[in-house]
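Structure here, sequence nowhere to be found:
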């Protein structure tokens, strides 16, 4: 499925992993923050609530995907976007 951002999400068959398409802005942000992100996740591994990013893949066709853990591997019948913003909705 896709959210308002237009990002595509794919869940692995076992529900353990999520794949999300990344915009150029997301990709560039990840490149500049990945070192600090990695240090934080290692230092606070048992308490951080940040999702674990396992890979960022940039394909030849220009599409970029992030592979991360699904910290809530439950199959809900419906999914709602609860960001709280009414703007543009």
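Received, thanks. Source: prediction; values computed, not measured.

list the helices and strands the helix or strand of the chain with the lowest mean pLDDT packs on?
Every helix and strand of the chain was ranked by mean pLDDT, DSSP states H and E. The lowest is strand 9-11, at a mean of 87. In terms of contacts (3 or more Cβ pairs under 8 Å, 6 or more residues apart in numbering; DSSP states H and E), strand 9-11 is packed against strand 17-21. For glycine as for every other residue, the C-beta is placed from the backbone atoms N, C-alpha and C.

Contacts made by the helix or strand following the strand it packs on with the rest, please.
Per DSSP states H and E, the first helix or strand lying C-terminal to strand 17-21 is helix 24-43. For helix 24-43, contacts defined as Cβ atoms under 8 Å, 6 or more residues apart in numbering pick out 22, 48, 50, 52-53, 56, 58, 64, 66.

7 Å instead, please
Here helix 24-43 makes contact (Cβ atoms under 7 Å, 6 or more residues apart in numbering) with 48, 50, 52, 56, 64.
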